[in-house]
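J.: coords please:
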Amino acid sequence: MSSPPVGAHVQGIHPLAEAAEVNADVIQLFLSNPQGWEKPPERDDAEELRGSPVGIYVHAPYLINVCSPKPNVRHGSRKILTQTCEAAAAVGALAVIVHPGHSEDGIDAGIGRMAKTLEQLASDVPVFLENTAGGDHAVARRFDALARLWAEVESVKSDVEVGFCFDTCHAHAAGEDLSDAVERAIAITGGIDLLHVNDSRDPAGTGADRHANIGAGTIDLDVLRHMIRAAAAPSVVETPRDVDALRADVEFVREALAG
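T.: Residues are numbered from 1 along each chain as shown. A predicted model of the protein is given here:
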């Protein structure tokens with residue numbers, strides 16, 4: 001059996017050239033400003049991306065928070081998520097990855113809003129929910145909350161395929177024990193559809209979402225290798241974009257899978 005594809009998050013200016021630079025099988029990119037609410041513009045290279053053998057994942061903007069109790073934030077988030085899914089379909093993306101967000105009036109209330117979002121969402125591409133790093137009211141930070149979220153997600157009546165994206169840095173920042181984190185996540189979600197392989201600048205449990213190149217952070221490399229093998233999933237590194245370092249990170253994941 002061949003190993004799962006491995007790649008990197010790229011700037012997305014010339015995605016396929018950027019993929020070649022770091023020897024990536026797959027890439028992840030933003031289709032709009034990750035810190036903005038703008039509708040993703042049409043891409044001149046959409047046809048080229050659709051026809052490329054390089055798999056494409058789209059990360060939704062960070063500002064999306066469909067779990068917010070604030071109607072303007074929640075409705076705006078649902079709108080840009082829908083627009084991002086439409087733009088992802090136009091480039092032939094494999095999936096859209098989104099942070100579930102947080103809810104100031106309690107995790108259970110936020111989970112209910114996530115369920116409502118999925119019921120209303122129309123998307124021709126799968127949507128992968130990602131575990132997050134910090135926030136007392138985050139609906140997918142700690143695994144106990146993730147379990148409650150996933151139980152609700154599985155009960156939702158929706159035509160959208162929902163998957164799970166696991167981020168190693170986020171689990172570290174959340175204070176989860178990484179030695180069996182992947183196995184516990186699989187027990188909750190049924191599988192990992194995409195693995196974000198990131199080292200962490202900061203110590204465990206700080207809630208700080210600060211990625212580091214592999215080996216330059218605070219996650220034990222043997223633990224990281226174990227997580228990669230246990231997930232056995234398509235993997236994307238989201239580490240700082242020095243080309244040589246990014247290429248080395250991609251190769252680390254490939255070697256871990258081979259080992």
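
J.: give me the below-cutoff pLDDT ranges for the protein.
T.: For the chain, the stretches flagged by pLDDT under 70 are 1.

J.: which residues in it form strands?
T.: All strands of the chain, identified by DSSP state E, fall at 6-9, 26-29, 55-59, 95-98, 127-130, 162-167, 194-197, 199-200, 211-212, 235-237.

J.: and the fifth one, which strands flank it?
T.: Taking DSSP bridges as the criterion, strand 127-130 pairs within the sheet with strand 95-98 (parallel), strand 162-167 (parallel).

J.: contacts for it?
T.: 81, 85, 95-100, 114, 118, 121, 140, 149, 153, 160-167, 170, 193-194, 196 (C-beta atoms under 8 Å, 6 or more residues apart in numbering). (C-beta placed from N, C-alpha, C; glycine too.)

J.: quick one, which of the residues you listed are buried?
T.: 81, 85, 95-100, 114, 118, 121, 140, 149, 153, 160, 162-167, 170, 193-194, 196 (16 or more other C-beta atoms under 10 Å).

J.: my read: A133 touches D209, true?
T.: Yes - using C-beta atoms under 8 Å, A133 is in contact with D209, at 3.8 Å.

J.: joint contacts of those two?
T.: 169-170, 173.

J.: show me the contacts for the nearest residue to P4 once chain neighbours are set aside.
T.: In this structure, P4 finds its nearest non-sequential neighbour in P234, 4.8 Å apart by C-beta to C-beta, 6 or more residues apart in numbering. Taking C-beta under 8 Å, 6+ apart, we find P234 in contact with 4-7, 26, 55, 94, 193-195.

J.: now do 7 Å
T.: 4-5, 26, 194 (C-beta atoms under 7 Å, 6 or more residues apart in numbering).

J.: L49: which of the strands of the chain is closest?
T.: strand 55-59 (6.0 Å; C-beta to C-beta).

J.: now do the closest one: everything it contacts.
T.: With C-beta under 7 Å, 6+ apart as the criterion, strand 55-59 contacts 5, 25-31, 49, 84, 88, 91-97, 194, 236.

J.: list only buried entries from these.
T.: By 16+ other C-beta under 10 Å, those give 5, 25-31, 49, 84, 88, 91-97, 194, 236 as buried.

J.: so between A133 and D209, which is more surrounded?
T.: A133 (25 against 21; other C-beta atoms under 10 Å).

J.: quick one: stretch 28-45 to chain centroid distance?
T.: Stretch 28-45 sits 16 Å away from the centroid of its parent chain (C-alpha atoms, centre = their mean, to the nearest Å).

J.: quick one: end-to-end length of that stretch, please.
T.: 15 Å (C-alpha to C-alpha, to the nearest Å).

J.: got it, and stretch 182-197?
T.: Where stretch 182-197 begins and where it ends lie 12 Å apart, using C-alpha to C-alpha.

J.: ok, residues contacting it?
T.: 57, 95, 97, 128, 143, 146-147, 150, 163-168, 227-228, 230-231, 233-238, 253.
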